[in-house]
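Asker: Sequence and predicted structure below; questions after.
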Amino acid sequence: MNSNPTSSMPDIAAGSVDVSGRIDWVGMSNIALILQVPLADGSEQSVRASADVYVNLNRPDVRGVHMSRMFLLLDQFSQKSRLTPQANSALLDSLLDSHEDLSDAVSVTFRFDLLLRRPALISDNSGWREYPVELKVERRPDGRVRSELQLQITYSSTCPCSQALARTHIREQFNEQFGGGAPVDIERIGEWLESSPKWASAHSQRSEADVRLRLDEGAQSYNFEELIEGLENTLGTPVQTAVKREDEQEFARLNGENPLFVEDASRRLGAHLRGVEGIDGFWLRVQHYESLHAHDAIAVLAHNYGEPPTR
């Protein structure tokens, strides 16, 4: 009796090919996983993720790759390993070992949302912020590992031009009200500041920075939280979670002291990233969702990244 029922099943992928030729990448996308992401305090967060996995197919006479092996190795990884550079390197090795004599390059991409607790600006409240993360790791034919991390930061930007026009309007209104030469009464000015219906306000808008980082091959951790906080602190006005009146007032103050064109935001981020240890190169795209226009403002900046795409 045959103890292995699969031994009698046909292996169509092992058959001959109709048209021969090597294939750059072949594999699967959108594989559902649960990943364990290390946090800065030593704990870890379980996140719902999706993954893409590919190998190249160098043998022109072989019809297909072993997709079931790839799936099972990725599933085992998600159950037993934390998302670290060392674990990912071992995963790449195991995927290549499963395709001996067929492939010499492998690529895995993980996508997930990292949840971080964020305190309010002034009050004692806090709430969760969701940060989209994409991590791509590849082992190339020369044996080197290449890692690229993509992060998205949402923030508020106040238009410097609108702010200047608002100040001009306020000054004109002030001169009209108090420019008659009579002594200025401070209490009356205060009442006017609180009650005037003729204010002009600088316009602000929700904005996003998409950042792609090429990481050093010798990185010992991905430092997700540290990288996110560095980008948020550089921009100065990240969006908030729990907000009471005192928090909203503080946010208005920060926006007023931090006017940003897209050019300003991209240059700030670029200057910051050039000083972050462990980053070989970067590409960033800043987008301000205009409150004045029906179109958006965009800036793209890259360093040691090759020809930078606009998207």
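Answerer: Sure thing, it's come through. Numbers count the residues shown, from 1 in each chain.
Asker: quick one: the strands in the stretch 201-311 of the chain?
Answerer: Secondary structure of the stretch 201-311 of the chain, counting by DSSP state E, counting those that start in this stretch: strands at 204-215, 279-288, 297-303.
Asker: if we compare those strands, which one ends up closest to residue 93?
Answerer: strand 204-215 (18.1 Å; CB to CB). Backbone N, C-alpha and C define where each C-beta goes, glycine included.
Asker: So in that sheet, which strands flank the closest one, and in what orientation?
Answerer: Applying DSSP bridges, strand 204-215 is found paired with strand 145-158 (antiparallel), strand 279-288 (antiparallel).
Asker: next one: the last one to chain centre, how far?
Answerer: Spelled out, that is strand 279-288. Its chain's C-alpha centre and that of strand 279-288 lie 10 Å apart, by CA atoms, centre = their mean, to the nearest Å.
Asker: Run a quick neighbour tally on residue 42.
Answerer: By the criterion of other CB atoms under 10 Å, residue 42 has 6 neighbours.
Asker: ok so it is a helix residue?
Answerer: No - assessed with DSSP: H, G, I helix; E, B strand; the rest coil, residue 42 is coil; it does not lie in a helix.
Asker: Find the nearest non-adjacent residue to residue 90, please.
Answerer: Leaving aside its sequence neighbours, residue 90 sits nearest to residue 81 (CB to CB, 6 or more residues apart in numbering; 7.7 Å).
Asker: so what's that neighbour up against?
Answerer: 36, 87, 90-91 (CB atoms under 8 Å, 6 or more residues apart in numbering).
Asker: returning to that earlier point: in JSON lines: the strands paired with strand 204-215, plus distance to residue 243, mean neighbour count and mean pLDDT.
Answerer: Converted to JSON lines, these look like this (distance: least, CB to CB, whole Å; neighbours: other CB atoms under 10 Å; pLDDT from 0 to 100):
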{"stretch": "strand 145-158", "distance to residue 243": "12", "mean neighbour count": "20", "mean pLDDT": "96"}
{"stretch": "strand 279-288", "distance to residue 243": "21", "mean neighbour count": "21", "mean pLDDT": "96"}
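Asker: Let me know which of those strands is the nearest to residue 48.
Answerer: Per CB to CB, nearest to residue 48 of those: strand 145-158, 17.1 Å.
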